[in-house]
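Peer 1: take a look and give me a structure for this.
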Amino acid sequence: MRKEMVLSEWWAKSWVKSKDEVEPELKEWPMNYYVYILRTSFNTFYTGQTNNLEKRLKEHKDKTRKSSKYMRSFKSFELVYCETYSTLSKALKREAAIKKWPKTYKLKLILNQEKGLP
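Peer 2: Next up, the predicted model:
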């Protein structure tokens, strides 16, 4: 049994990096997550999140199958609001919160951003 433990410890050490080895890589390649609001041609709002905003907007524009079904039904849209988060969890929580808001709250959020307010 001890022999099995030794082998499994060796296996784990040879394939799994220590926390010290992983952290510098994370600092070099920080992942950003974006929560965004689009205004459609019918003046409705679509809220979403992504880790690659430029790619996601292109998917919506090209109406690919990766685009949301809701956005495919509109002729055009514009990006009116965007926030950046360091973790997916924070971005998903913020997206869920904004989606629950009425349209008036979203308008206030967009207008405050345009005025330079927090």
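
Peer 1: where in this protein is pLDDT low?
Peer 2: 1-30, 114-118 (pLDDT under 70).

Peer 1: what ranges does this structure have for its helices?
Peer 2: Applying DSSP state H to the chain gives helices spanning 2-15, 19-28, 53-62, 69-72, 88-100, 103-114.

Peer 1: any idea how far the residue nearest the centre of the chain is from K99?
Peer 2: When Cα atoms, centre = their mean is applied to the chain, the residue found nearest the centroid is T50 (3.1 Å). To K99, T50 is 15 Å away according to Cβ to Cβ, to the nearest Å. Yep, even glycine has a C-beta here, placed from its N, CA and C like the rest.

Peer 1: if we can go back for a sec, ok, the residue nearest to the centre of the chain touching N32?
Peer 2: No. Using Cβ atoms under 8 Å, T50 makes no contact with N32, being 9.7 Å away.

Peer 1: about what we covered before: which ones are touching the residue lying closest to the residue nearest to the centre of the chain once chain neighbours are set aside?
Peer 2: Among residues not flanking T50 along the chain, R56 sits closest, at 4.0 Å (Cβ to Cβ, 6 or more residues apart in numbering). For R56, the contact set (Cβ atoms under 8 Å, 6 or more residues apart in numbering) comprises Y34, Y36, G48, T50.

Peer 1: any idea how far V80 is from the closest residue to M71 other than its chain neighbours?
Peer 2: Spatial nearest neighbour of M71, chain neighbours left out: H60 (4.8 Å); criterion: Cβ to Cβ, 6+ apart. Note on H60: its distance to V80, by Cβ to Cβ, is 13 Å.

Peer 1: which neighbours do these two share?
Peer 2: Common neighbours of H60 and V80 (criterion: Cβ under 8 Å, 6+ apart): L38.

Peer 1: many thanks, I have nothing further to ask.
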